[in-house]
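**Student:** generate a structure from the sequence data that follows.
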Amino acid sequence: MGTAGFTYPTHFDCYPNFLANYWGEKSVWLLDMKAHWLTTSRTFDILRPLNLESLLQAIPSLKPHVRHVTLRAGDVLYIPALWMHGVTYEQATFSSNHFYKDSNADIALCEFIKGHGPTFLGGMLQQNDIVKAVQMSMQNDAPQTQQEFSKRFKLAPLGDDL
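**Tutor:** Numbers count the residues shown, from 1 in each chain. Here you go, the predicted model:
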């Protein structure tokens, strides 16, 4: 539930989800981060917690790739893993997210990146590590867990998937 004018911070999730809007209206913007980690040298800038305006000022080339959706009562939006998104409540709104876990390389990639973290957040991953992990996730023999990613990068495993 949210009040008109509230903006939920920009973020991405490791699990795909359905955002169901029961009443009210909200605006959602989305960006496929995985696709842009392969096309920009500013990988870390995409990971920084920014609002949409700040992100597009920092990396103007992303603008044509941003998707915008208005959810009204009864609408449901599918949000894939690794899609950055932000939400603004245009009206008082009641909605819920329904996350689900399946086995795929995008979930493993997301858990690996969030678990080990980029160096600018005190983590272990350099910018080129993230690009390499994205490329690895697109191969036929892509790691299916964050532990498999950790082994390939010779990093200590994080334990159970996050």
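
**Student:** find the nearest non-adjacent residue to the spatially most central residue of the chain, please.
**Tutor:** Residue closest to the average C-alpha location in the chain (Cα atoms, centre = their mean): residue 12, at 2.6 Å. Excluding the flanking residues, the one nearest residue 12 by Cβ to Cβ, 6 or more residues apart in numbering is residue 84, at 4.6 Å. Where C-beta positions appear, they are placed from N, C-alpha and C, glycine not excepted.

**Student:** am I right that the one you found is in a strand?
**Tutor:** Yes - Residue 84 sits within a strand when classified using DSSP: H, G, I helix; E, B strand; the rest coil.

**Student:** beta-bridge partners for it, please?
**Tutor:** Going by DSSP bridges, residue 84 is paired in beta bridges with residue 31.

**Student:** residues touching residue 12, list them.
**Tutor:** Taking Cβ atoms under 8 Å, 6 or more residues apart in numbering, we find residue 12 in contact with 33, 81, 82, 83, 84, 85, 110.

**Student:** check contacts around the fifth one.
**Tutor:** When the contact criterion is Cβ under 8 Å, 6+ apart, the partners of residue 84 are 10, 11, 12, 30, 31, 33, 46, 55.

**Student:** tell me where the protein has helices.
**Tutor:** Secondary structure of the chain (DSSP state H): helices at 33-37, 43-47, 52-58, 105-116, 127-137, 146-152.

**Student:** could you dump these to JSON lines with mean neighbour count and distance to residue 17?
**Tutor:** Shown next, in JSON lines, are the helices of the chain (neighbours: other Cβ atoms under 10 Å; distance: least, Cβ to Cβ, whole Å):
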{"stretch": "helix 33-37", "mean neighbour count": "19", "distance to residue 17": "15"}
{"stretch": "helix 43-47", "mean neighbour count": "19", "distance to residue 17": "20"}
{"stretch": "helix 52-58", "mean neighbour count": "15", "distance to residue 17": "19"}
{"stretch": "helix 105-116", "mean neighbour count": "23", "distance to residue 17": "12"}
{"stretch": "helix 127-137", "mean neighbour count": "18", "distance to residue 17": "19"}
{"stretch": "helix 146-152", "mean neighbour count": "19", "distance to residue 17": "19"}
